[in-house]
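In: Please find the sequence and the predicted model below.
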Amino acid sequence: MKLRAAIYVRVSTMEQAEEGYSISAQTEKLKSYANAKDYQVVKVFTDPGYSGAKLERPGLQNMIKSIESKEIDVVLVYKLDRLSRSQKNTLFLIEDVFLKNQVQFTSMQESFDTSTSFGRAMIGILSVFAQLERDAITERMQMGAKERAKAGMWRGGPQSRLPFGYRYIDGVLLVDDYEAMIVKYMYTEFIKGTPLTKIQSKVAAKFPVKETLIYPSIMKNILQNNIYIGKIKYAGETYEGLHEHILDTETYDKAQQLWEHRNTNKKKYFESKYLLSGILYCGHCGGKMASTGAGLLKSGERVTDYICYSKKGTPSHMVVDRNCPSKRHRVNRLDPKIVELLKTITFEEMQKDNSFTDNTITIKSEIESLDTKISKLLDLYQDGLVPIDVLNDRISKLNDDKELLQETLISQKKQIHPEEIAKNIQTAKDFDWANSDSAAKRAMVRALINKVELTNEDMKIEWNI
């Protein structure tokens, strides 16, 4: 009885044009090999454009299912690296998938056959060297990027994510005059105390061509990036760059001092005796709300209101919309309402009420996609299809994109386990609200609430879940 053979072919998009590497070329050679061995080819599995570094490939996964269903007796590949470029994954497939299911594995080009003990040993040795080659490439790329940074050169290339305000020509960062104007304008507005959201709208109005390029997260990066005073950063170290400055040191330092001042001032909100100071936002204009005196009652009691900074009018850098229609809200009515809510809220109600979206899953998926693209590029380089300079440029851009996504991921609010949430909910129910001091009350509120958005008619809460 003939052995049932499955042919597995993996090929990158660029390899399609290479003689001997295309899907059809590999398949025909393997069919001829199977015929010579008197095998019956029952299935052909292909993975066009997939990296050999990971096992998440549709063709490979379908083949594994067929193996586990006892539909295959032998697996044929043209070359070992078509199966996998990872030592760990190669040995896993051979030992835990093929041999475990009494399936032989043959690599045609290397003449390795797992039906013999010698063949199994040689495949293990070859996969070690394939892994070493891949690791060496990665290490050389990292070393090259560091040496470029030490020499004051931009670590990427023309296809990498360039710092806003610069172009890359003949290996050198050159100032883009139009974008440089935007950078200078942003620093000027920021030093004047203009909030990022207001700077965004001003940039969109003054420089409409670049409207889609400027977001608060990007502006924050621009306003803290020392590349504009001639520095190059790499792996936590800072080096003197060869490129032209866009800003003078005095302007840059003023902006950094303002960042420090703003970060310090954030702590002052926690010194307030009012429960929602620092986490209360206007649902009409999006600006923050503050506590302010509202006079005295006949009894002599001092009255305090929460008011939108836009409505208050000062300080100017906190004003988002001077025509904001928001009204004042009495602290002595809103704070007790929050306390009563915390005494009765359940985890299920938090999940139902929470109207704010967390895009952590999407970001992680995008990061995984970038990792896959990097692995594909390494495959192409190992196969001699991509020169090292192109490889460096493309991977530098992908790494920049990945770094930006990772920073965004870190900035997402910290996820709390359900057990911890349940504990905080119970603590709030048992908490001595009547006799505790203001600091303890605020800490209790912030353990469960991240943000409160208030309109004239409604209140939305972003829970810490």
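Out: Sure, I can see it. Numbers count the residues shown, from 1 in each chain.

In: residue nearest the centroid of the chain?
Out: residue 405 (2.3 Å; CA atoms, centre = their mean).

In: show me what contacts it?
Out: Counting by CB atoms under 8 Å, 6 or more residues apart in numbering, residue 405 makes contact with 363, 366-367, 370. To be clear about C-beta, it is placed using only N, CA and C from the backbone, and glycine gets the same treatment.

In: Any of those buried? List them.
Out: For these, a burial check counting by 16 or more other CB atoms under 10 Å picks out 366-367, 370.

In: tell me which of these is nearest to residue 79?
Out: residue 370 (26.8 Å; CB to CB).

In: ok, the closest one touching residue 404?
Out: No. In this structure, residue 370 is not within contact of residue 404 by CB atoms under 8 Å, at 10.1 Å.

In: quick one, helices of the stretch 201-350 of the chain?
Out: 216-222, 249-268, 309-312, 331-344, 347-353 (DSSP state H, counting those that start in this stretch).

In: Would you pull up how far the third one lies from the middle of the chain?
Out: Between the centre of helix 309-312 and the centre of its host chain there is 35 Å, according to CA atoms, centre = their mean, to the nearest Å.

In: Give me the contacts around that helix.
Out: Contacts for helix 309-312 (CB under 8 Å, 6+ apart): 282, 285, 287-290, 292, 315, 318-322, 324, 326, 328.

In: Go through those residues and name the one nearest residue 342.
Out: The closest of these, once distances to residue 342 are taken by CB to CB, is residue 289, at 19.3 Å.

In: wait, what's in contact with the nearest residue to that closest one once chain neighbours are set aside?
Out: Setting aside the residues directly before and after it, residue 289 is nearest to residue 280 in space (CB to CB, 6 or more residues apart in numbering), at 4.3 Å. Contact partners of residue 280, counting by CB under 8 Å, 6+ apart, are 288-289, 306, 452, 454.

In: in the stretch 301-450 of the chain, which spans are strands?
Out: For the stretch 301-450 of the chain, the strands defined by DSSP state E, counting those that start in this stretch occupy 302-308, 329-330, 449-454.

In: would residue 71 count as being in a strand?
Out: No. With DSSP: H, G, I helix; E, B strand; the rest coil as the criterion, residue 71 is coil rather than part of a strand.

In: wait, residue 318 sits on residue 288?
Out: Yes. Residue 318 lies in contact with residue 288 (CB under 8 Å); the separation is 6.3 Å.

In: hang on, residue 63 is in a helix, isn't it?
Out: Yes. Membership of residue 63 in a helix is supported by three-state DSSP.

In: Spit out the contact partners of it.
Out: Counted by CB under 8 Å, 6+ apart, residue 63 has contacts 6, 8, 43, 45, 72, 75.

In: Could you export these as TSV, including distance to residue 432?
Out: Output for the contacts of residue 63, formatted as TSV (distance: CB to CB, whole Å):
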residue	distance to residue 432
6	70
8	67
43	70
45	66
72	69
75	69
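
In: Tell me the one among these nearest to residue 437.
Out: Nearest to residue 437 among these, with distances taken as CB to CB, is residue 45, at 67.8 Å.

In: Tell me the bridge partners for the closest one.
Out: Beta bridges link residue 45 to residue 8 when assigned by DSSP bridges.

In: and it, how many neighbours?
Out: 20 (other CB atoms under 10 Å).

In: Enumerate every residue touching it.
Out: Each residue near residue 45 by CB under 8 Å, 6+ apart is listed here: 6-9, 59-60, 62-63.

In: next one: residue 82
Out: Contacts of residue 82 (CB under 8 Å, 6+ apart): 8-11, 26, 52.

In: So residue 122 sits against residue 111, correct?
Out: No. Using CB under 8 Å, residue 122 is not in contact with residue 111; the gap is 9.1 Å.

In: higher neighbour count, these two?
Out: Using other CB under 10 Å, the more surrounded residue of residue 122 and residue 111 is residue 122, with 18 against 9.

In: What separation is there between that one and residue 8?
Out: In this view, residue 122 and residue 8 are 19 Å apart by CB to CB, to the nearest Å.

In: Over to residue 110?
Out: 15 Å.

In: Between the two, which is the more surrounded one?
Out: residue 8 (25 against 16).

In: And the strands in the stretch 151-300 of the chain?
Out: Going by DSSP E, counting those that start in this stretch, the stretch 151-300 of the chain shows strands at 166-169, 172-175, 231-234, 237-240, 280-282, 289-296.

In: looking at these, which is closest to residue 351?
Out: Using CB to CB, the strands of the stretch 151-300 of the chain put strand 280-282 closest to residue 351, at 21.1 Å.

In: Mind checking the pLDDT average for that closest one?
Out: Mean per-residue pLDDT for strand 280-282: 92.

In: rewinding a little: from the strands of the stretch 151-300 of the chain, which stretch is densest packed?
Out: strand 280-282 (a mean of 23; mean count of other CB atoms under 10 Å).

In: for the stretch 201-350 of the chain, which spans come out with low pLDDT?
Out: 209-217, 261-272 (pLDDT under 70).
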